[in-house]
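[1] Need the 3D shape of this:
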Amino acid sequence: MKKILFTFIAGAALFTLGLSNAKAQDYKTAAGLAVDFGDGSTLVGPHIKHFFNANGAIEGDVLFANHVTFIQALYLYHGDISGAPGLRWDLGVGPGVAIGSNNTNFLIRPNAGLDYKINGAPLGVSLDWRPAWQFFDGGNDFNAARFQIGFRYIFK
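    Predicted coordinates:
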């Protein structure tokens with residue numbers, strides 16, 4: 001697990017250093033539907049993303065699956081991808097909680113992804129790699145095979 005964490009952090013740092021000339025975001029606030037999938041159950045629910053400066057945003061999700069509710073918030077740092085208007089990369093992390101009928105687990109969710117604002121339309125889509133560290137009574141679990149796709153309506 002330490003090797004996976006080191007690889008993720010090193011890759012994210014090199015990726016961030018390799019990109020430059022970030023400009024203002026294409027939107028301020030967007031809301032829509034998120035689908036979290038991968039190894040394990042599929043989660044679906046509403047989410048919202050709000051930029052508080054040109055590169056920094058907060059994203060919140062409330063996701064549902066198999067009698068469990070996941071609530072999470074992430075800080076995401078964004079940068080432009082040269083030659084691809086409307087497409088931005090993002091890196092971030094945030095806490096979460098999984099509330100089930102018999103237990104509550106706490107999570108840490110790193111994030112590496114892409115965010116695309118469709119030119120000329122108030123619509124956006126994102127695709128993220130979101131591994132999950134879950135902490136519960138008696139131990140913890142790491143799941144690297146988790147992804148999220150988001151579909152959003154953009155409020156200017």
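
[2] How far off centre is stretch 69-85?
    When distances are taken as C-alpha atoms, centre = their mean, to the nearest Å, stretch 69-85 is centred 6 Å away from the chain's centroid.

[3] List the buried residues in it.
    Phe70, Gln72, Leu74, Leu76, Tyr77, His78, Gly79, Asp80 (16 or more other C-beta atoms under 10 Å). Where you see a C-beta, it was placed from the backbone N, CA and C, and this is true even at glycine.

[4] And those residues, which is closest to Trp133?
    Trp133 lies nearest to Gln72 out of these, by C-beta to C-beta, at 12.0 Å.

[5] Tell me how far the closest one lies from Gly113.
    Note on Gln72: its distance to Gly113, by C-beta to C-beta, to the nearest Å, is 14 Å.

[6] in the chain, which spans are helices?
    Under the criterion DSSP state H, the chain contains helices at 2-18.

[7] Centroid-nearest residue for it?
    By C-alpha atoms, centre = their mean, the chain has its centre lying nearest to Asn111, at 4.9 Å.

[8] hang on, that residue packs against Gly96?
    No - taking C-beta atoms under 8 Å as the definition, Asn111 is not a contact partner of Gly96, at 11.2 Å.

[9] Ala30 - nearest residue in space that isn't next to it in sequence?
    Spatially, and ignoring its direct neighbours in sequence, Ala30 is nearest to Arg152 (3.9 Å; C-beta to C-beta, 6 or more residues apart in numbering).

[10] Let me see the confidence value for the one you found.
    We have a pLDDT of 97 for Arg152.

[11] And for Gly18?
    So Gly18 comes in at 42 (pLDDT).

[12] do the one 5 residues further on as well
    Predicted confidence (pLDDT) at Lys23: the value is 45.

[13] now do Trp129
    On the pLDDT scale, Trp129 is placed at 98.

[14] Next: Ile81.
    Ile81 is assigned a pLDDT of 94 by the prediction.
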